[in-house]
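# Here is a sequence together with a model predicted from it:
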Amino acid sequence: MKTISDITTLKSVLQEDRRGGASIGFVPTMGYLHEGHQSLMEQARKDNEIVVLSVFVNPLQFGPNEDFETYPRDIERDEKVARAAGVDYIFYPSVEEMYPKKPSISFHVHERAGVLCGTQRPGHFDGVAAVLTKLFNIVQPDRAYFGLKDAQQVAVIESLVEDFNIPVEIVPVKTIREQDGLAKSSRNVYLSEKERDEAPAIFRSLEKAEKAISEGEREAAAIRDIIISEIESNSGGIIDYIEVLSYPDLQPLKEIKGRIIMAAAVKFSRARLIDNKILTV
Ligand code: AMP
């Protein structure tokens, strides 16, 4: 495994691999790797001859009052995890390497972005679209792997790739959880002990809602209420949003029908956690 920080070197090694006929799987991350990232790397390893992992905390996708500066970083640990998962190259660029000057063109994602995390984090998906367009052009992967924990991100990326004819297959990967159901996240390290005990209420609320749907509940508002009351009565977290929408178009629903997402964002003192469940009814 090689860690490469400059774009020119990465492009030239990958060009060699491609010439030899190797398929390239790409896993973009912000690092501080956990089992969620690991499952993306493992899937990429199964499907491709070459696996590229990027570790880049992208300033464009953070708002002015968000955690860009304090986002957890540990490249040495990430290198160990990536090596164990069979990654061939880690792309670990600096901000200056990715953005040597202020970009002259920016993205504006106007579908699938004005709800859920898009409302609370204006500009977030614009930054995600910009960095991924650059990374896709640099790596030119056959397949790119994204976690369904960030299901809205998957929906936006699918639109990006379709709208701009980017020749990459997007592979969504299911959410990896702790034993008590809490979705693995780099931000879980911000939780206090008490908050860590309470945080699985988010997943439990989604399971409870799923059960209600399986028992015949079809009113989206009632499902939303089940999720809210389960979280509020079992944790001190402040609800940022609870939504029940169509997936992947993320349109509001009155009646639960077709493919839907139930999504939650909950703020704890130092961490905002998100989770979701996608179902077909
Ligand atoms: P991040 O480093 O948080 O930007 O995440 C990088 C990739 O890992 C994204 O595609 C995430 O959706 C995915 N990911 C993060 N947490 C999980 C998880 N618990 N299970 C599966 N994928 C995840």
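Cool, got the structure.
# for the stretch 101-250 of the chain, what spans make up the strands?
Taking DSSP state E, counting those that start in this stretch as the criterion, the stretch 101-250 of the chain carries its strands at 143-147, 169-173, 238-246.
# what's the angle between the very next helix or strand once past the last one and strand 238-246?
Sequence-wise, the next helix or strand beyond strand 238-246 is strand 259-267, with elements assigned using DSSP states H and E. What separates the directions of strand 259-267 and strand 238-246 is an angle of 170 degrees, with axes from the mean of the first three to the mean of the last three Cα atoms, to 10 degrees.
# Can you name every helix or strand that strand 259-267 contacts?
Judged by 3 or more Cβ pairs under 8 Å, 6 or more residues apart in numbering; DSSP states H and E, strand 259-267 is in contact with helix 151-163, helix 201-214, helix 220-234, strand 238-246, strand 272-280. No exception for glycine: its C-beta is placed from N, CA and C like everyone else's.
# between it and helix 201-214, how big is the angle?
Relative orientation of strand 259-267 with respect to helix 201-214: 150 degrees, computed using the same axes, to 10 degrees.
# which of the residues in strand 259-267 are buried?
Under the neighbour-count criterion of 16 or more other Cβ atoms under 10 Å, strand 259-267 has Ile260, Ile261, Met262, Ala263, Ala264, Ala265, Val266 buried.
# average pLDDT for stretch 72-79?
Across stretch 72-79, pLDDT averages out at 97.
# Contacts for that stretch, please.
The contact list for stretch 72-79, computed with Cβ atoms under 8 Å, 6 or more residues apart in numbering, reads Met1, Thr3, Gly31, Tyr32, Leu33, Val55, Val57, Ile90, Tyr92, Ser186, Arg187, Val189.
# Now the most centrally placed residue in the chain. Nearest residue, chain neighbours left out?
In the chain, the C-alpha closest to the average C-alpha coordinate belongs to Asp150, at a distance of 3.7 Å (Cα atoms, centre = their mean). Distances taken as Cβ to Cβ, 6 or more residues apart in numbering place Ile274 nearest to Asp150, at 7.3 Å, with adjacent residues excluded.
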